[in-house]
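> coords please:
(one chain, ligands or ions: 1)
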Amino acid sequence: MKKFFKTYLPYYRDYKVKIVMAIIGMLLASGATAAIAYLVKPLMDRIFVEQDIQMLYILPIFIILAFVGKGLGTFMQSYALSFIGQDIIRKLRNRMLNHMMHLDMDFHFRFHSGELISRISNDILRVQTAISSDLAVVLRELVTVLALLGVVIYQSPTLALYSLIIIPLAVYPVEVISKKIKKLSHKSQELNSDLISTLSEIFANYEMIKSYNAQEYELGNFKERNKSFFTTNIKTVKVQQMLIPILELVAAIAITSVIIIGGREVLITKELTTGEFFSFLTALSLLIDPLRRISTAYSHLQDAVAANERIEQILQYKPMIISGDKILKNVQNLEFENVTLKYGDTVALENISFNAKKGEVIGLVGDSGGGKSSMVNLILRFYDPVEGVVKINGIDAREIDVKSLRDRIAIVTQRIYISNDTIAANIAYGVEPDEEKVIEALKKANLWEFVNSLENGIYTVLSEGGTNLSGGQRQRIAIARALYKSPDILILDEATSALDNKSEAAIIETIYALKKDLIVFMIAHRLTTIERADKILVFENGHIVCQGNKEQLSKDCDTFKKLYHIASNI
Ligand SMILES: Nc1ncnc2c1ncn2[C@@H]1O[C@H](COP(=O)(O)OP(=O)(O)OP(=O)(O)O)[C@@H](O)[C@H]1O
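The predicted model follows:
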């Protein structure tokens, strides 16, 4: 809990005016509540005991004023604190996405997208309720409790001592229950992440689910997780609800003691007036509600503390890929020197050496899992080698500013991201589209004819994932996007696999026409795609087993010959 306050209290510094408003509201509401309790004394003593008729007309005005004060105060502090809470959460949400987007690829492989969505939406929401309402409730009600305690002690210090001695009885069960709630909250939040992950997987793979008639299977998985989520939540509610009866029992014991002891003081020893006794009793009864609210808010805060621990866990991840400060301009050459890459303990690439220079097309071939995409990951600095060095223009890639490095590289893979936006925005992705450049990129990607035939041309809106396009058209959008960027290094990872031979040949032709200003890496299973490459790197189990052009490899490289043979039989 301490850590929770330590995390969020610094945020409150930005809201000085709102905090003053909340404090005024809080004092007004609490003071008015105490005044209501206090007014019971003149109500009883002056009106009913002393039969003061004038008081009968004056007192209601004070009572109404006290309620107006209470209402105004409650409004002021609720509004101000909700504003602060919601705004802190807005900032936290931005901070979290920003943090996640700057973490390494490795992090994104480790965490499921559903898990991350759950942390950024659900966990943050739990914290939001805590800091915009529960924290306010605890503060406000604490002030109210103090004000009412003031009335209680003022009216009868001895009676106050007897009744308040009982309060510590409630502390132990509240502590035990709160710990249990926190544990259950952790579990519930994990199960909720599971649920969201399952949903995001279902919607991302809906086509496959339908074609395999796997709806029942997926629904079964979902139902199971949904049931566990429900069971944990119900358990939490059960534990949470145990708090209220315990507190009410303690309150009942306090009130009955007051009735017995206070009654004696009024009737027998005459130490108290009837009015003082009833004012005391009213203040004591008014204490029950704020105490109950504090305990409920406290149990919600436990939930938020658990959620916050999950948020902190993500925020504590630090990127391992640290940017250098050398700005990369105009890539002339790229070199791998004895590079080894590991994913965890698994060696993906070992002792890789080659070089490439501007104007060259480098083909990457080899068995599936051979390490081709891993090599590309190193060029983009998604990972760093555990041994050896990747050099660009003779500079260790680790010394280069990562943004400037990635600005000079364009990659097209088989996973194509198309957003629900215009073709122009999809091509210029991330920057304001330049109409002429968009058209030029579309022409190079052999897609202009198609786009031009559409009613809205480059302003045609594509559906999410490009579902209103064919597989080949989607690939050509991705190629146009890469060319729009005017990169120095172009990476095509199975980028033309969905195209028919004619379209592929046209795009390859374009790439060769542009190659004098580029270093092109082409990963392809079809050897026809890379047979014109200046250099072909042949991968096998994380090693480059041969390198050279097609003629050289056809003579000297058994792996290449075997691959070629396999490919020519397909
Ligand atoms: N992020 C990752 N975490 C752990 N292991 C990985 C990761 N990416 C790839 N691998 C493993 O590294 C090895 C090389 O994979 P890589 O994707 O580089 O091969 P590839 O030659 O591109 O294969 P394909 O032709 O099938 O795309 C494989 O054994 C793969 O399972």
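
> and residue 42, what is it in contact with?
55, 59, 275 (Cβ atoms under 8 Å, 6 or more residues apart in numbering). (Glycine included, C-beta is placed from N, CA and C.)

> tell me what the strand or helix carrying residue 257 is packed against?
Element membership of residue 257 [criterion: DSSP states H and E] is helix 215-267. When contacts are defined as 3 or more Cβ pairs under 8 Å, 6 or more residues apart in numbering; DSSP states H and E, helix 215-267 sits against helix 157-164, helix 168-204, helix 274-315.

> I'd like the next helix or strand past the longest one.
Past helix 274-315, further along toward the C-terminus, the next helix or strand under DSSP H and E is strand 333-343.

> Tell me which residues are up against that next one.
Outside of strand 333-343, the residues within contact range by Cβ under 8 Å, 6+ apart are 106, 347-358, 371, 374-375, 377-379, 383, 385-394, 489, 519.

> Which residues of the stretch 351-500 of the chain lie near the ligand?
With Cβ under 6 Å from any ligand atom as the criterion, the stretch 351-500 of the chain meets the ligand at residues 366, 368, 369, 370, 371, 372, 373, 374.

> Show me just the buried residues among these.
For these, a burial check counting by 16 or more other Cβ atoms under 10 Å picks out 366, 370, 371, 372, 373, 374.

> Now flag whichever of those is closest to residue 93.
If you rank those by distance to residue 93 using Cβ to Cβ, residue 373 comes first, at 32.5 Å.

> Contact partners for the residue nearest to that closest one when sequence neighbours are not counted?
Nearest non-adjacent residue to residue 373, counting by Cβ to Cβ, 6 or more residues apart in numbering: residue 493, 6.0 Å away. Taking Cβ under 8 Å, 6+ apart, we find residue 493 in contact with 372, 373, 376, 411, 412, 413, 414, 523.

> Give me the distance between residue 361 and residue 528.
Applying Cβ to Cβ, to the nearest Å, the value for residue 361 to residue 528 is 14 Å.

> Could you do residue 19 as well?
Distance, residue 19 to residue 528, using Cβ to Cβ: 70 Å.

> do residue 196 as well
Taking Cβ to Cβ as the measure, residue 196 falls 43 Å from residue 528.

> so how many other residues sit close to residue 455?
6 (other Cβ atoms under 10 Å).

> My reading is that it lies in a helix. Confirm?
No. Remark: residue 455 does not belong to a helix; assigned using DSSP: H, G, I helix; E, B strand; the rest coil, it is coil.

> Bridged to the closest residue to residue 385 other than its chain neighbours, which residues?
Excluding the flanking residues, the one nearest residue 385 by Cβ to Cβ, 6+ apart is residue 339, at 4.5 Å. For residue 339, the beta-bridge partners are residue 352 (DSSP bridges).

> sorry, back to before: more neighbours, residue 19 and residue 528?
Counted by other Cβ under 10 Å, residue 19 and residue 528 do not tie: residue 19 has more neighbours, with 16 against 13.

> residues touching residue 421, list them.
Counting by Cβ under 8 Å, 6+ apart, residue 421 touches 461, 462.

> same deal with residue 535?
By Cβ under 8 Å, 6+ apart, the contact set of residue 535 is 354, 356, 360, 361, 362, 363, 547, 548, 549.

> Counting only strands, which of the buried ones among the residues of the stretch 351-500 of the chain next to the ligand make the cut?
Assigned to strands by DSSP state E, the following of those qualify: residue 366.

> any chance of the buried ones among the residues of the stretch 351-500 of the chain next to the ligand in JSON lines, plus distance to residue 418 and pLDDT?
Compiled in JSON lines, those are given as follows (distance: Cβ to Cβ, whole Å; pLDDT from 0 to 100):
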{"residue": "366", "distance to residue 418": "29", "pLDDT": "90"}
{"residue": "370", "distance to residue 418": "29", "pLDDT": "90"}
{"residue": "371", "distance to residue 418": "28", "pLDDT": "93"}
{"residue": "372", "distance to residue 418": "24", "pLDDT": "93"}
{"residue": "373", "distance to residue 418": "21", "pLDDT": "92"}
{"residue": "374", "distance to residue 418": "26", "pLDDT": "94"}
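
> So which of the buried ones among the residues of the stretch 351-500 of the chain next to the ligand belong to helices?
Among those, DSSP state H puts 372, 373, 374 in helices.

> Am I right that residue 533 sits in a strand?
No. Applying three-state DSSP, one finds residue 533 to be coil, outside a strand.

> Nearest spatial neighbour of it, chain-adjacent residues omitted?
Counting by Cβ to Cβ, 6+ apart, residue 533 lies nearest to residue 363, which is 3.5 Å off, once chain neighbours are set aside.

> thought the one you found was touching residue 536?
Yes. With contact defined as Cβ atoms under 8 Å, residue 363 counts as touching residue 536 (4.1 Å).

> shared neighbours, those two?
residue 530.

> just so I have it, where are all the helices in the stretch 401-550 of the chain?
Ranges of helices within the stretch 401-550 of the chain are 402-407, 423-428, 435-444, 448-453, 471-484, 501-514, 527-530, 550-556, based on DSSP state H, counting those that start in this stretch.

> In contact with residue 422, which residues?
Taking Cβ under 8 Å, 6+ apart, we find residue 422 in contact with 433, 456, 458, 459, 460, 461, 462.

> give me that answer again for 7 Å
Counting by Cβ atoms under 7 Å, 6 or more residues apart in numbering, residue 422 makes contact with 458, 459, 460, 461.

> Can I get the buried part of those as one PyMOL selection?
Paste this into PyMOL to select the buried members of the contacts of residue 422, with burial taken from 16+ other Cβ under 10 Å:
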select buried, resi 458+459
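
> Now the contacts of residue 422 in TSV, please, with extra columns for distance to residue 467 and pLDDT.
TSV is the format used below for the contacts of residue 422 (distance: Cβ to Cβ, whole Å; pLDDT from 0 to 100):
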residue	distance to residue 467	pLDDT
458	19	94
459	19	94
460	14	93
461	12	91
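
> could you dump the contacts of residue 535 to a markdown table with neighbour count?
Formatted as a markdown table, the contacts of residue 535 follow (neighbours: other Cβ atoms under 10 Å):
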| residue | neighbour count |
| --- | --- |
| 354 | 16 |
| 356 | 21 |
| 360 | 18 |
| 361 | 22 |
| 362 | 23 |
| 363 | 26 |
| 547 | 18 |
| 548 | 17 |
| 549 | 14 |
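
> burial of the closest residue to residue 411 other than its chain neighbours, as a residue count?
Excluding the flanking residues, the one nearest residue 411 by Cβ to Cβ, 6+ apart is residue 491, at 4.2 Å. Look at residue 491: counted by other Cβ under 10 Å, it has 24 neighbours.

> Pretty sure residue 491 sits against residue 376.
Yes. Using Cβ atoms under 7 Å, residue 491 is in contact with residue 376, at 5.4 Å.

> which residues do those two both contact?
411, 521.

> Show the contacting residues for residue 456.
Contacts for residue 456 (Cβ under 7 Å, 6+ apart) come out as none.

> quick one, what contacts the residue most central in space within the chain?
Centre of the chain computed as the mean C-alpha position; nearest residue by Cα atoms, centre = their mean is residue 120, 2.1 Å away. Counting by Cβ under 7 Å, 6+ apart, residue 120 touches 93, 96, 97.

> quick one, phi/psi of the second one?
Yep, that's residue 96 we're talking about. phi -70, psi -40 (degrees, to the nearest 10).

> Kindly report the same for the one 5 residues further on.
Listed backbone geometry of residue 101 is phi -70, psi -10, with angles given as degrees, to the nearest 10.
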